[in-house]
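Visitor: just coords:
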């Protein structure tokens with residue numbers, strides 16, 4: 001039995017198969033995304049000097065193992081470092097050794113606070129005014 005190029009021409013059972021195939025492909029991409037995220041131990045580096053660069057931080061952690069990525073968040077308004085960073089290391093043993101060695105390490109005159117990063121806790125917030133005035137306005141008769 002031949003299949004034409006449009007989904008409208010497919011029989012119902014063939015459409016289910018096509019839909020399942022798309023879902024399966026989506027889940028494969030989703031799994032690959034989380035494998036990439038879960039590949040590394042995420043390390044928090046606090047009390048970071050504002051003038052520190054990601055290259056300098058990478059060099060310090062590279063002495064203890066492979067570094068996948070260094071992220072130094074910056075303030076949106078000033079563009080200046082926020083005083084902390086995250087370092088991702090793929091090998092958990094190397095990451096643990098780096099945490100133990102570098103916690104309390106003096107870097108540019110400041111004692112670094114280094115530990116495993118905690119996951120972000122979402123509390124369901126997201127701003128908003130908390131009142132119903134827009135809902136009330138929408139329900140008014142004009």
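Guide: Looks like it arrived, so ask away. All of these numbers come straight from a predicted model, not from anything done at the bench. Numbering: from 1, shown residues only.
Visitor: Lowest-scoring secondary structure element of this protein by mean pLDDT?
Guide: helix 12-37 (a mean of 46; mean pLDDT, DSSP states H and E).
Visitor: And the strands in this protein, which stretches?
Guide: 41-46, 69-71, 85-89, 106-107, 110-111, 113-116 (DSSP state E).
Visitor: strand partners of the fifth one, parallel vs antiparallel please.
Guide: Listed by DSSP bridges, the sheet partners of strand 110-111 and their directions read strand 106-107 (antiparallel).
Visitor: Tell me which of the strands of the chain approaches residue 54 most closely.
Guide: The closest of the strands of the chain to residue 54 is strand 69-71. By Cβ to Cβ, the value is 4.2 Å. Any C-beta I mention is one placed from the backbone N, CA and C, and that applies to glycine too.
Visitor: Show me what the closest one is packed up against.
Guide: Counting by 3 or more Cβ pairs under 8 Å, 6 or more residues apart in numbering; DSSP states H and E, the packing neighbours recorded for strand 69-71 are helix 54-62, strand 85-89.
Visitor: So in that sheet, which strands flank it, and in what orientation?
Guide: Sheet pairing for strand 69-71, assigned by DSSP bridges, gives strand 85-89 (antiparallel).
Visitor: Would you indicate which residues of the strand it pairs with are buried?
Guide: 85, 87-89 (16 or more other Cβ atoms under 10 Å).
Visitor: Stretch 75-92 too?
Guide: Per 16+ other Cβ under 10 Å, stretch 75-92 contains these buried residues: 81, 83-85, 87-89.
Visitor: Also stretch 102-111?
Guide: Applying 16+ other Cβ under 10 Å to stretch 102-111 flags 102, 107 as buried.
Visitor: so residue 82 touches residue 74, yeah?
Guide: Yes - with contact defined as Cβ atoms under 8 Å, residue 82 counts as touching residue 74 (6.5 Å).
Visitor: Now residue 57: closest residue in space that isn't a chain neighbour?
Guide: Using Cβ to Cβ, 6 or more residues apart in numbering and skipping the chain neighbours, the partner closest in space to residue 57 is residue 70 (5.1 Å).
Visitor: All set now, cheers.
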